[in-house]
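Asks: Give me coordinates for this.
(one chain, ligands or ions: 1)
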Amino acid sequence: MLKLSKTSKLGTKSWSLQALETCPGSKLTNGQLVAACSGCYATTGMYHFGPVKAVRADNKKDWQRDGWVADMVKALSKDTHFRWFDSGDMYALELAEKMLAMGHPEAARKNMNIAKFILSEMMTSKEPA
Ligand code: SF4
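Replies: Reported below is the predicted structural model:
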């Protein structure tokens with residue numbers, strides 16, 4: 001089942017995963033955290049609470065089912081702003097493809113007025129050669 005949370009700062013809905021566990025871009029090849037992820041807010045405080053972790057664990061399974069894209073589009077149909085990943089990251093190519101599918105014209109017609117925000121370490125995380 002789709003589980004959206006609400007971001008405290010932006011006040012928008014968000015869909016999140018567990019930090020670090022779904023953040024392959026958070027670590028260098030030597031295992032050290034990249035600068036942007038050291039001291040990650042999503043590894044402290046309320047992010048340790050069982051219910052918060054449970055939502056993220058459920059979401060990690062849930063996105064893999066058929067109908068997830070349609071449910072996401074429907075859930076956001078009245079929103080003007082949305083934030084991907086209050087915690088966690090786009091750890092799987094198949095997940096990225098589903099996120100992209102939400103921008104397909106047929107789906108996008110239902111999300112005409114929404115601005116989606118994403119902060120990801122997946123594109124900037126490679127160590128310099
Ligand atoms: S990508 Fe974001 S959520 Fe993941 S470890 Fe880095 S700062 Fe935390």
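Asks: Tell me how far stretch 13-21 lies from the chain's centre.
Replies: What separates the centre of stretch 13-21 from the centre of its chain is 5 Å, taken as Cα atoms, centre = their mean, to the nearest Å.
Asks: what residue ranges in the protein score low on pLDDT?
Replies: 108, 111-112, 123-129 (pLDDT under 70).
Asks: who's Ser5 bridged to?
Replies: Bridge pairing for Ser5 (DSSP bridges) gives the partners Ser14.
Asks: Tell me which stretches of the protein form helices.
Replies: Under the criterion DSSP state H, the chain contains helices at 50-62, 68-75, 93-101, 105-108.
Asks: just checking, what packs against the shortest one?
Replies: Right, helix 105-108. helix 68-75 (3 or more Cβ pairs under 8 Å, 6 or more residues apart in numbering; DSSP states H and E). Backbone N, C-alpha and C define where each C-beta goes, glycine included.
Asks: can you give me the angle the helix it packs on makes with helix 50-62?
Replies: Using axes from the mean of the first three to the mean of the last three Cα atoms, to 10 degrees, the direction of helix 68-75 lies 130 degrees away from that of helix 50-62.
Asks: In this structure Asn59 contacts Ser14, no?
Replies: No - using Cβ atoms under 8 Å, Asn59 is not in contact with Ser14, being 10.4 Å away.
Asks: Need the nearest residue in space to Gly88, chain neighbours excluded.
Replies: Spatial nearest neighbour of Gly88, chain neighbours left out: Leu17 (2.7 Å); criterion: Cβ to Cβ, 6 or more residues apart in numbering.
Asks: Done for today, thanks.
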